[in-house]
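In: Let me see the structure of the following:
(one chain, ligands or ions: 2)
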Amino acid sequence: MSQIKNAACVGGGVIGGAWVARFALAGIDVKIFDPHPEAERIIGEVMANAERAYAMLTMAPLPPKGKLIFCKSIEETVKDADWIQESVPERLELKRGVITQIDAAARPDALIGSSTSGLLPSDLQAEMKHPERMFVAHPYNPVYLLPLVELVGGKKTSKTTIERAMLGVEQIGMKGVVIAKEIEAFVGDRLLEALWREALWLIQDDICDTETLDNVMRYSFGMRWAQMGLFETYRIAGGEAGMRHFLAQFGPCLKWPWTKFTDVVDLDDALVEKIGAQSDAQAAGRSIRELERIRDENLVGIMHALKSGNGGEGWGAGKLLADFEAKLWANAKKPEADLGDVKPLHILDTKVSAAWVDYNGHMTEHRYLQVFGDTSDGLLRLIGVDLEYVRDGHSYYTVETHIRNLGEAKLGDALYSTCQLLSSDEKRLHLFSTIYNAATKEAVATAEQMMLHVDSKAGKSVAAPAKVLDKLKAITEAHAGLPTPEGAGRFVGQKR
Ligand SMILES: NC(=O)C1=CN([C@@H]2O[C@H](COP(=O)(O)OP(=O)(O)OC[C@H]3O[C@@H](n4cnc5c(N)ncnc54)[C@H](O)[C@@H]3O)[C@@H](O)[C@H]2O)C=CC1
Ligand SMILES: C[N+](C)(C)CC(=O)CC(=O)[O-]
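Out: Ligands and ions are numbered 1, 2, ... in the order given. Model (predicted):
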């Protein structure tokens, strides 16, 4: 499949809005059709949450954000799209009608995915003229952060369509899994349905309340599931004899009356009110958007932890994030600069995200180090020390940093950083970076740093190769004519 350049989202609610964000943050223009009078506001709020989450998730250079274009009809929305994602309410007749309407207006080579939680693709594609290009692409909320998409073909879906869909979801940083046979609710939602039914019985029968049930999950097996899933968890639970022992020991329990979920609880008004009241108490006055932001921060933290898991190779969603970031760096515009320019190099442009703001209402201290770290990374890429160079076993390590905070940076402030080389030799790189407020041009912080070129396998400093030193020399000589930055050579402490 050629790259997705234009996407279309029909339905922009909880899921459709998050698909919009996922496509747009992957640099893809998105046309949207949703008759809801508040659709633009709702999708704008989802987009803001998504951008906040991505600012926490990665410092890799995202492509320029795709345009969001709100359309007045399905036809206008889908006519130029490479990928069309349907996310209207879970009603078969409504979905079938919308998908048939999409099919009639879409380009012959367009892919048509449905976000349905459990309807069969064969049923959805029944009235299409070109059913071969329709499939289920079932995501998990929030689509802009949870990478999994269940790809399910119907009786008339072509093999090529599923292959193209796999490439498409990979392009936007997601993990496509192909479900071998269509079945209602596919895999994830069947598992979730069983858990959900049992949970409702436990609340109905006053075994526990919603907070207790959620705590049982989040302080125990919920954490296991986030990285080991079910079967790997149980393999380990079988001890040295592994899965076969686990099955032998816990197989018989399956016949004991441990669960009731084969019967569906009667969601009568009393139970709805009981669950609603307990859920309200749990939320403790937090709005949905506030809960979404807490959820997103937690999900980012989990993915960061998994990114360094498995001995640093990454695990599960963390490895997927690492692979996606490597692609972002590889696809990023190669930094260009006139290395002989007699002025500090302009390296990084960024914006203070909500995740960077602390209880003092301004950018918190460790985020300055993050920006200075990304600034020195930007300088290193300019002299050819990029991920490929690092993979070849050499790098520059920072061995000393002195940061001065000169002012405050507030939520939403646009910032940029510059870098001046104070000196360099075959092993050392002495640099002075400054973060400026892009609007006022005032310096908000400086960092003086010493970096050492290393053989990362041997774990010792070695001379950098000529191809790097030549570039370093050009910059150092150009910067030799600059005034020594105010603050260079400073140390922490009061004047004696
Ligand atoms: N909410 C969730 O946790 C998940 C939902 N899904 C599936 O995603 C689909 C959408 O669900 P949600 O986003 O939760 O629902 P939602 O109610 O939040 O959003 C549905 C949107 O569709 C719009 N809409 C209604 N008729 C339309 C039409 N004819 N054309 C265009 N837009 C129309 C509505 O205005 C609304 O904004 C469903 O199939 C659902 O099963 C999938 C994964 C998770
Ligand atoms: C509750 N639900 C069936 C809509 C859930 C899903 O479809 C997937 C998810 O995000 O949990």
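
In: only C-alpha atoms for contact and neighbour calcs from this point on.
Out: Noted.

In: Would you mind listing what in the protein touches ligand 1?
Out: Counting by Cα under 6 Å from any ligand atom, the residues of the chain close to ligand 1 are 10-16, 33-36, 87-90, 115-117, 138-141.

In: Sort out which of those residues are in strands and list them.
Out: Counting by DSSP state E, the residues of the chain next to ligand 1 place Val10, Phe33, His138, Pro139 in strands.

In: Which ChimeraX command selects the buried ones in these?
Out: The buried subset of those, as determined by 16 or more other Cα atoms under 10 Å, is captured in ChimeraX by this line:
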select :10,33,138,139
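
In: Once you drop chain neighbours, what's closest to the residue of the stretch 301-450 of the chain found nearest ligand 2?
Out: At 15.7 Å from ligand 2, Ala317 is the closest residue in the stretch 301-450 of the chain, using Cα to the nearest ligand atom. In space, and not counting its chain neighbours, Ala317 is closest to Met303: 5.9 Å by Cα to Cα, 6 or more residues apart in numbering.

In: and if you look at Glu40?
Out: Sequence neighbours aside, Phe70 is the residue nearest to Glu40 in space, at 7.6 Å (criterion: Cα to Cα, 6+ apart).

In: tally of neighbours for that neighbour?
Out: Residues near Phe70, counting by other Cα atoms under 10 Å, number 17.

In: quick revisit: quick one: which of the ones in strands among the residues of the chain next to ligand 1 is nearest Arg96?
Out: Val10 (12.7 Å; Cα to Cα).

In: is it true that that closest one touches Asp34?
Out: Yes: when contacts are counted by Cα atoms under 8 Å, Val10 is listed as touching Asp34 (6.3 Å).

In: give me the element the residue nearest to Ala317 is part of.
Out: Per DSSP states H and E: Met303 is located in helix 288-307.

In: now for the helix or strand following that helix, which elements pack on it?
Out: On the C-terminal side of helix 288-307, the closest following helix or strand by DSSP H and E is helix 317-331. Here helix 317-331 touches helix 288-307, going by 3 or more Cα pairs under 8 Å, 6 or more residues apart in numbering; DSSP states H and E.

In: what about the helix it packs on, average pLDDT?
Out: Averaging pLDDT along helix 288-307 yields 90.

In: same thing with stretch 343-350?
Out: 89.

In: got it, and stretch 155-172?
Out: If you average the pLDDT over stretch 155-172, you get 97.

In: And the residue of this protein closest to ligand 2?
Out: Nearest to ligand 2 in the chain, going by Cα to the nearest ligand atom, is Tyr140, at a distance of 3.4 Å.

In: Against Gln171, how distant is that residue?
Out: 17 Å (Cα to Cα, to the nearest Å).

In: what residues does whatever helix or strand Asp123 lives in touch?
Out: Assigned by DSSP H and E, Asp123 belongs to helix 121-124. By Cα atoms under 8 Å, 6 or more residues apart in numbering, the residues outside helix 121-124 that reach it are 92, 95-96, 99, 134-136, 152-156, 182.

In: quick one: it to chain centroid distance?
Out: 30 Å (Cα atoms, centre = their mean, to the nearest Å).
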